[in-house]
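Asks: the following block contains a protein sequence and its predicted model.
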Amino acid sequence: MFSVRQLYDLQLLDWDIQSHEQDLAETNSKLADDSARVAAKKRLDGLEARLGELGPARRTAEAAVQQTEQKLAAIDNRVYSGMITSARELAAIEDEKTALQQQHSDQEDELLTLMVDTDETQDNKDKAQTSFDSINSRRQAELTELQSSHKTLTDELPGLYERREDVVDDYPPVALATYSMIAKQRGGQAVALVERDTCQGCRIALARTELQAVRDPEKIVQCGSCSRILVLA
Ligand SMILES: [Zn+2]
């Protein structure tokens, strides 16, 4: 003999299935979402590439400074050698020296900028490495946990589906169709318990006739307000 209460048992089972399915969907989306780790790696790679560019640029700038210093030293040697006797030649050398000194100063500024940039980039790279390491190890631990949940959920779900098939096997088709229709309309809850003369689905007090009808365990009675199938608590 079919009792309406069996629809409540079915609802508990369906809720269990729904919760498994939701957990599995969440687990799958978390497993697929590697965005934090990818972003941290991208930042680290970018800083490493920048350091890779700064190294040669700094060496080039250092060489340029040295070259200018050598030229300046050569000029000084010529001036102090006493070989230059013409005032015009001396003036030309002084002009050349002034121009080289300006160039030397500009080159030193450029080198200093590159050194500061290198220090800052190195500092940022070290921080990015620490951040990546921490995100990476957290993600590894999370993945282990997620894979374990995924396994548990996928192991349990087939058993639940099978149980549902067994459970509904001897339910009258009309009861089952009514249940499915209301479940679809009412956010997955087709059955509501009656407590203190109130439908627990919509929290609205039931009419005397509804309360009397609900006492018949074989009769499907729907709440006048939310249309859920009523079952005495
Ligand atoms: Zn109701």
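Replies: Here it is on my side, so go on. Residues are numbered from 1 along each chain as shown.

Asks: what's the neighbour count on I182?
Replies: By other CB atoms under 10 Å, the residues close to I182 number 23. Any C-beta I mention is one placed from the backbone N, CA and C, and that applies to glycine too.

Asks: quick check: C226 vs the ion, distance?
Replies: 3 Å (CB to the ion, to the nearest Å).

Asks: repeat that for L176.
Replies: With CB to the ion as the criterion, L176 and the ion are 20 Å apart.

Asks: same question, I220
Replies: 14 Å.

Asks: ok, that residue - contacts?
Replies: V4, L7, A175, T178, I229 (CB atoms under 8 Å, 6 or more residues apart in numbering).

Asks: please confirm that it is located within a strand.
Replies: No: I220 is assigned coil when assessed by DSSP: H, G, I helix; E, B strand; the rest coil, not a strand.

Asks: what pLDDT does it get?
Replies: At I220, the model reports a pLDDT of 95.

Asks: same question for the one 5 residues further on.
Replies: S225 is assigned a predicted lDDT (pLDDT) of 95.

Asks: now do the one 5 residues further on
Replies: Per-residue confidence (pLDDT) for L230: 97.

Asks: give me the element it is part of.
Replies: For L230, the enclosing helix or strand under DSSP states H and E is strand 229-232.

Asks: contact partners of the helix or strand hosting S180?
Replies: Using DSSP H and E, S180 sits within helix 173-185. Under the criterion CB under 8 Å, 6+ apart, residues 2, 4, 7, 10-11, 14, 168, 189-191, 220, 222, 227-229 lie in contact with helix 173-185.

Asks: buried members of those residues into ChimeraX, please.
Replies: Per 16 or more other CB atoms under 10 Å, the buried members of these correspond to this ChimeraX selection:
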select :4,7,10,11,14,168,189,190,191,220,222,227,228,229
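
Asks: so of the contacts of helix 173-185, which ones are in helices?
Replies: L7, L10, Q11, D14, V168 (DSSP state H).

Asks: which ones are touching the first one?
Replies: Counting by CB under 8 Å, 6+ apart, L7 makes contact with Y171, A175, Y179, A190, V191, I220, I229, V231.

Asks: just give me the closest of those to E62.
Replies: Minimum distance to E62 across the contacts of L7 is 79.1 Å, recorded for A190 (CB to CB).

Asks: that closest one touches S227, doesn't it?
Replies: No: using CB atoms under 8 Å, A190 is not in contact with S227, being 9.2 Å away.
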